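Q: predicted structure and sequence below. I'll ask about it afterward.
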Amino acid sequence: MTSALLVMDVQVGIVDRYANDKGIVPRLRLAIDAARRASVRVIYVVVGFRNDYAEVSPNNRGFSAIAQSGAYSDGDANRIVHPDIAPQAGDIIVIKKRVSAFAGSDLDMVLRAQQIDHLVISGISTSGVVLSTMRQAADLDFRLTVLADGCTDGDAEVHRVLMEKVFSRQSEVVTIDQWIDSLNGRS
């Protein structure tokens, strides 16, 4: 089994919107460092658009609002991965165009080319990119682990329900510490 850690939507503009969870970036730093030590591929997934937002339909309420704001286009500082967990040489960056990490990206191709069959999922937000990506990855037959404290949401109750009642049906839900212990053979 070949694993990859997905770090999704942990971009400057998104982290700033989730200031209620100031610990998310330091917790993810622990997971990313452990993944690198264990030779687990780290894949960053970021939302990004062309400067003219050609890929954004006016029918899409959420992304139309982003296009109107001018955010997440080429050169926008909000688009970059948070500097405290910046990608390093050997990491992969995938640019997506919708909520799921698979939508409008080459993620599936990258995973298949790297023979990755186990995804360890983290990111912002639990009810957005994490939910959409986890569901699509399950339908694509990936083995899944969700890092419960490696995800955050604006609504703590939604986060709890997804972790305890939804994600556990299709994935293993663990803490970052539990995942690190499993990497180190202490599971």
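A: Alright, I've got the coordinates.
Q: tell me the buried residues in the strand ranked longest in the chain?
A: Scanning the chain for the strand with the most residues, using DSSP state E, yields strand 143-152. Along strand 143-152, the positions that meet the burial threshold by neighbour count (16 or more other CB atoms under 10 Å) are 144-152. C-beta here means a position set from N, CA and C on the backbone, and glycine is covered the same way.
Q: any idea which of these is closest to Ile14?
A: Looking at these and their distance to Ile14, the nearest is Thr152, at 10.1 Å (CB to CB).
Q: now the helix or strand just after the longest strand of the chain: buried residues?
A: Under the assignment DSSP states H and E, the closest C-terminal helix or strand after strand 143-152 is helix 156-161. For helix 156-161, the buried set under the neighbour-count rule, 16+ other CB under 10 Å, comprises His159.
Q: and for stretch 47-56?
A: For stretch 47-56, the buried set under the neighbour-count rule, 16+ other CB under 10 Å, comprises 47-49, 53, 56.
Q: check stretch 87-98 too.
A: So, applying 16+ other CB under 10 Å, buried residues of stretch 87-98: 87, 91-92, 94-98.
Q: so of these, which ones are in strands?
A: Judged by DSSP E, the subset of the buried residues of stretch 87-98 located in strands is 92, 94-96.
Q: tabulate the residues you listed (TSV), appending distance to Arg17.
A: Supplementary listing: these in TSV, determined by distance: CB to CB, whole Å:
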residue	distance to Arg17
Ile92	25
Val94	21
Ile95	19
Lys96	17
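Q: for Asn184, state which of these is nearest.
A: Set against Asn184, the nearest of those by CB to CB is Ile92 (23.7 Å).
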